[in-house]
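S.K.: From the sequence below, what's the structure:
(6 chains)
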Protein chains: 4
Amino acid sequence: MAKKKVPSMVKDQQLIQRRREQMVKGAVALFKQKGFHRTTTREIAKEAGFSIGTLYEYIGSKEDVLYLVCDSVYEEVRTRLESLLTNETVGIDRLKQVIQSLFKVMDDMQDEVLVMYQESKSLPKEALPYVLEKENAMTAIIESTVKTCCKEGHLELSEKAIRMLAHSIMVGGHMWTFRRWSVQKEFTLDEYTSLQTRQLLYGVVQENIKMDKSI
Amino acid sequence: MAKKKVPSMVKDQQLIQRRREQMVKGAVALFKQKGFHRTTTREIAKEAGFSIGTLYEYIGSKEDVLYLVCDSVYEEVRTRLESLLTNETVGIDRLKQVIQSLFKVMDDMQDEVLVMYQESKSLPKEALPYVLEKENAMTAIIESTVKTCCKEGHLELSEKAIRMLAHSIMVGGHMWTFRRWSVQKEFTLDEYTSLQTRQLLYGVVQENIKMDKSI
Amino acid sequence: MAKKKVPSMVKDQQLIQRRREQMVKGAVALFKQKGFHRTTTREIAKEAGFSIGTLYEYIGSKEDVLYLVCDSVYEEVRTRLESLLTNETVGIDRLKQVIQSLFKVMDDMQDEVLVMYQESKSLPKEALPYVLEKENAMTAIIESTVKTCCKEGHLELSEKAIRMLAHSIMVGGHMWTFRRWSVQKEFTLDEYTSLQTRQLLYGVVQENIKMDKSI
Amino acid sequence: MAKKKVPSMVKDQQLIQRRREQMVKGAVALFKQKGFHRTTTREIAKEAGFSIGTLYEYIGSKEDVLYLVCDSVYEEVRTRLESLLTNETVGIDRLKQVIQSLFKVMDDMQDEVLVMYQESKSLPKEALPYVLEKENAMTAIIESTVKTCCKEGHLELSEKAIRMLAHSIMVGGHMWTFRRWSVQKEFTLDEYTSLQTRQLLYGVVQENIKMDKSI
DNA sequence: TATGAATGAGTATTCATTCAT
DNA sequence: CATGAATGAATACTCATTCAT
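M.R.: Purely as a prediction, here's the structure:
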């Protein structure tokens, strides 16, 4: 899936990069306050520190700004997550660290993540697949850790169960943001992380019941 | 939290009821295609089968339509969920039935649920608390089943863990809709239900490891 | 100039009369608060005590209400003025009494008169001449008193001067309403009446200067 | 009373000035035909020679146009009046000149003045005091001339009588416009001016009757 | 490259009027 | 006669986008 090409009238790639960073920074600040639809292009330009005319030198449409925002948020989430993942831990602890790190990143980038989740449906049609792919890539990071655990014998899971666990961990992270009106009132991040980790890994039922593992 | 009063120029309560049903039905169909912001009031009126003037005889503003939609979706979700919950099952099986039923309802009402989740941020300011309360009420249904399991000795969970499990089950249901681009490709509903149930209840780790249960 | 015919679906003339009185009463109350354009027909109907459907049984259009209001106000102004005019005074005193009475009526009916003056430009095209004729008729009442004074030798004025005086007296009355934001702060009605009377009749210059009386 | 600030999206003050002049010119033409309420913003824009979008670059609301019109009319009335007032005449003649000049200006600017009087009730709430102040300022110009006449011994009037005379002269001017359907048929401007002057200054009664001057 | 004035299609909302009951 | 629900033309105002300077 190729990265969507956002058109620009300007040649200097360095400049394009810089301007778009300004733009994204301003846009995120605005989107988190008022949402994508209620934010005007004029406001974005102003917040970014240049004129509306200049804004359109670096994008083709308002939706491109949203795409740039999503792209940038994903990039930062990934970068931050990777920077938290040292290679020192192994086994189940490794998986626990991944969960903890992911939740930490989600907590640090709450607003950005929320914006992305709430507005991604307004993405330009061509951009959606690319963004979903990014989301898949994120999930794949988790998935690979789970897989390693399996290969190393710490877990014994079917392909599907691996995939499901990866989804659940991701959603556990997002949930900290999109249900924050409730969960952030009821739990501290540490409590949340701890409880989620326990549930995800050990479940809630005490006895080790035999289950159908055909799936 | 009082139900938000949506103003109407019409006196006949029966008629109001009927017209609003038409309106909500039309609106859901449109919102799921184009989202709240890209849907015009004229389109809503047309889809509902009456004129724009008539639409405004039954609401005060476009946002009221969204509120009516959310209110109606919650109501239907709850009704459907309750109709699926027979009182025959007990213990852990009861909890499994709740999960299965919830997921079933979410599957049946995918579009409506998705609309509600994606657009609820555009709700009129006064309506948001009421809608969040509805969401809480839904979660409370799950929570009470979990609590019963605890009381009956099938589970041994702290208050916070109970709450967390209820949240996770709810989100497990929503996830079937808002990650459908991925999960509905990878799993059938039955697989999804089965895997989620196993994870939520028994976790993924085989050994029964001792954990800090202070939370 | 024939009275404009306001159409009605109803036959019973008594009823028409009664309903229109209710309507005018309500309309005046509303027009004085918000003006003709900002008052809706629904509001008029409600204020009059019946439904919008009934309103349109007795008028052909919203403008007809304005016409009815103007007509009614003129009628009441004239009635009140005439009731104040006893036939006991004569000569210049008679003229003074007319001025005083007119001003009194204007004071009593401030809101109604103001409405009429401010909104009459919105009258239905066919109605304007009739209303202007009413205004002329009012002026003629004043004029006839002035004429009598002339005939009796108390005043010596040309035809045009008579007409002008009548206009000035009328406007002196209206001015008490349409400049009320200023004059009613600066003068009591008695002061106003007294000063206007003096100026209109005796002028402000002390010496009796010879003037060109060719006009 | 501060001048109401009409908001504009445009920075260039010169341009604002120019565009608003076009706007006011167009608006006066339309308001005089159809009144403020029956004139649409699109019509104003078109008459002014630009698009509806551009109109709203220079105002905040339709009512602002009315305010701009009133402000501009007052300014022009005052400018014209002052340009007619040479400092050559003195005494009562000075006062006569003021009256004549005022009436001349009212005649020249009939439509504008009429619009202002008929529509000022629709002014934005915050603007009304400012406009009334302008009207007061106009009256004050007349008043000061009357005062000078008093100081110089040509007139002997109480404070209240001075104020009243100023009001009467002003209204005499307006009356030429708002009763034009009648007075302009009956008198030429010269006749009107001459008769009004005579009445205002010398009254209509021949003998110099003793009056109560306590007011 | 940068600017910001100009554009006009688009949108929510109002309200006079009609007409079936 | 009375009612009030239905209608849809009309209207103020917004905002993404363009383009001349």
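
S.K.: Quick one: mean pLDDT over the longest helix seen in chain A.
M.R.: Across chain A, the longest stretch assigned as helix under DSSP state H is helix A:13-38. Helix A:13-38 carries an average pLDDT of 97.

S.K.: how far out from the middle of the chain is that helix?
M.R.: Distance, stretch centre to chain centre, for helix A:13-38: 17 Å (CA atoms, centre = their mean, to the nearest Å).

S.K.: Going toward the C-terminus from that helix, what's the next helix or strand?
M.R.: helix A:41-48 (DSSP states H and E).

S.K.: That next one near chain B anywhere?
M.R.: No: Helix A:41-48 stays clear of chain B (CB under 8 Å from any CB of the partner chain), getting no nearer than 15.1 Å. C-betas here are computed from N, CA, C, even on glycine.

S.K.: and that helix, anywhere near DNA strand F?
M.R.: Yes: Helix A:41-48 lies within reach of DNA strand F by CB under 7 Å from any atom of the strand, at A:T41, A:R42.

S.K.: which element follows that helix toward the C-terminus?
M.R.: Next along from helix A:41-48, by DSSP H and E: helix A:52-58.

S.K.: Next, work out how far apart the residue in chain A positioned nearest to DNA strand E and chain D are.
M.R.: Among the residues of chain A, A:G53 lies closest to DNA strand E, at 2.0 Å counting by CB to the nearest atom of the strand. Noted for A:G53: a distance of 14 Å to chain D, by CB to the nearest CB, to the nearest Å.

S.K.: Which residue ranges make up the domains of chain A?
M.R.: Chain A resolves into domains spanning A:10-60, A:62-202 when parsed by automatic domain parsing.

S.K.: Out of these, which is the most enclosed?
M.R.: domain A:62-202 (a mean of 18; mean count of other CB atoms under 10 Å in any protein chain shown).

S.K.: Is there proximity between that one and DNA strand F?
M.R.: Yes: counting by CB under 7 Å from any atom of the strand, contacts between domain A:62-202 and DNA strand F involve A:K62.

S.K.: and that domain, how far apart are its ends?
M.R.: End-to-end distance for domain A:62-202: 46 Å, by CA to CA, to the nearest Å.

S.K.: and that domain, anywhere near chain B?
M.R.: Yes: legend: contact between domain A:62-202 and chain B by CB under 8 Å from any CB is shown at A:92, A:118, A:121-122, A:132, A:135-136, A:139, A:154-157, A:160-161, A:163-165, A:167-168, A:171-172, A:175, A:179, A:181-183, A:186-187, A:191-192, A:194-196, A:198-202.

S.K.: do you know how far the residue in chain A that chain C sits nearest to is from C:S51?
M.R.: For chain A and chain C, the shortest gap (CB to the nearest CB) falls at A:R38, measuring 29.5 Å. Using CB to CB, to the nearest Å, A:R38 is found at 40 Å from C:S51.

S.K.: same deal with A:E57?
M.R.: Counting by CB to CB - A:E57 and C:S51 are separated by 60 Å.

S.K.: Just give me the neighbour total for the closest residue to A:G203 other than its chain neighbours.
M.R.: The shortest distance from A:G203 to any non-neighbouring residue, by CB to CB, 6 or more residues apart in numbering or on different chains, is to B:G203 (3.2 Å). By the measure other CB atoms under 10 Å in any protein chain shown, the count of residues near B:G203 is 21.

S.K.: B:G203 contacts A:Q196, correct?
M.R.: No: taking CB atoms under 8 Å as the definition, B:G203 is not a contact partner of A:Q196, at 11.3 Å.

S.K.: residue contacts, the residue in chain A that chain B sits nearest to?
M.R.: Closest to chain B within chain A is A:G203: 3.2 Å, counting by CB to the nearest CB. Neighbouring residues of A:G203 by CB atoms under 8 Å, 6 or more residues apart in numbering or on different chains: B:R198, B:Q199, B:L200, B:L201, B:Y202, B:G203, B:V204.

S.K.: and those, which of them are in helices?
M.R.: Those of these lying in helices (DSSP H): B:R198, B:Q199, B:L200, B:L201, B:Y202.

S.K.: between the residues you listed, which is closest to A:Q17?
M.R.: Nearest to A:Q17 among the ones in helices among the contacts of A:G203 is B:Q199, at 42.2 Å by CB to CB.

S.K.: separation between that closest one and B:T139?
M.R.: Taking CB to CB, one finds B:Q199 at 19 Å from B:T139.

S.K.: Over to A:L165?
M.R.: Per CB to CB, A:L165 is found 23 Å from B:T139.

S.K.: all helices for chain A, in order.
M.R.: Per DSSP H, chain A has helices spanning A:13-38, A:41-48, A:52-58, A:62-84, A:91-108, A:110-119, A:128-151, A:159-178, A:180-186, A:189-202. These are given in chain order.

S.K.: any chance of these in JSON lines, plus distance to B:D71?
M.R.: Shown next, in JSON lines, are those (distance: least, CB to CB, whole Å):
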{"stretch": "helix A:13-38", "distance to B:D71": "21"}
{"stretch": "helix A:41-48", "distance to B:D71": "32"}
{"stretch": "helix A:52-58", "distance to B:D71": "39"}
{"stretch": "helix A:62-84", "distance to B:D71": "29"}
{"stretch": "helix A:91-108", "distance to B:D71": "30"}
{"stretch": "helix A:110-119", "distance to B:D71": "20"}
{"stretch": "helix A:128-151", "distance to B:D71": "29"}
{"stretch": "helix A:159-178", "distance to B:D71": "20"}
{"stretch": "helix A:180-186", "distance to B:D71": "18"}
{"stretch": "helix A:189-202", "distance to B:D71": "30"}
